[in-house]
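Undergrad: Below: sequence and its predicted model.
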Amino acid sequence: MAKRILAVDDEKHILRLVQINLEKAGYLVVTASNGREALEAVALERPDLIVMDVMMPEMDGLEALKKLKENEQTADIPVVMLTAKAQDADVLQGWQSGADLYLTKPFNPIELLTFVKRIMDAQSEQKSDKTYEIEDDVYSLD
């Protein structure tokens with residue numbers, strides 16, 4: 001089953017670029033255009049990963065990230081911040097808010113895909129570490 005990614009950006013062309021590249025790589029992509037919509041989409045879709053901009057109307061990406069990390073049901077969803085906010089203070093704030101990765105625009109889609117794959121692979125490894133084979137039956141600790 002394809003991994004589900006939520007892409008969040010208020011700039012339609014950036015959102016489409018992210019969506020097309022992730023879909024070409026085999027991911028199922030759901031989109032939102034601001035932090036409020038992102039939180040609603042997370043509740044409905046339960047994505048495996050989120051790629052989110054910082055500067056957006058209604059609710060910015062950092063506020064949405066903080067809400068995700070404060071909720072124990074969504075705290076473990078990896079979040080890649082993809083933003084034009086590239087000052088050291090902005091990057092630090094992103095890390096402190098709980099971002100798993102902070103990429104700045106303009107970005108290279110191949111670089112984004114590489115990092116997404118690494119995060120997804122690391123998630124799969126963590127889940128498989130919790131599974132043990134016992135007499136041909138598989139048991140999970142989840």
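TA: Right, received. Where do you want to start?
Undergrad: Just give me the neighbour total for residue 76.
TA: Neighbour count for residue 76, taken as other C-beta atoms under 10 Å: 10. Using the backbone N, CA and C atoms, a C-beta is placed for each residue, glycine as well.
Undergrad: for it, helix, strand, or coil?
TA: Of the three states, residue 76 takes coil under DSSP: H, G, I helix; E, B strand; the rest coil.
Undergrad: what's the distance between it and residue 3?
TA: 14 Å (C-beta to C-beta, to the nearest Å).
Undergrad: In three-state terms, label the residue nearest the centre of the chain for me.
TA: Nearest to the mean C-alpha position of the chain, by C-alpha atoms, centre = their mean, lies residue 50 at 1.9 Å. Following three-state DSSP, we place residue 50 in the strand state.
Undergrad: buried ones in the longest helix that the chain contains?
TA: In the chain, taking DSSP state H as the definition, the longest helix is helix 109-129. For helix 109-129, burial by neighbour count (16 or more other C-beta atoms under 10 Å) applies to 112-113, 115-116, 119-120, 123.
Undergrad: So which other helices or strands are in contact with it?
TA: In terms of contacts (3 or more C-beta pairs under 8 Å, 6 or more residues apart in numbering; DSSP states H and E), helix 109-129 is packed against helix 12-24, strand 49-52, strand 79-83, strand 101-104.
Undergrad: how deep is residue 34 tucked in, by neighbour count?
TA: So residue 34, with other C-beta under 10 Å, has 19 neighbours.
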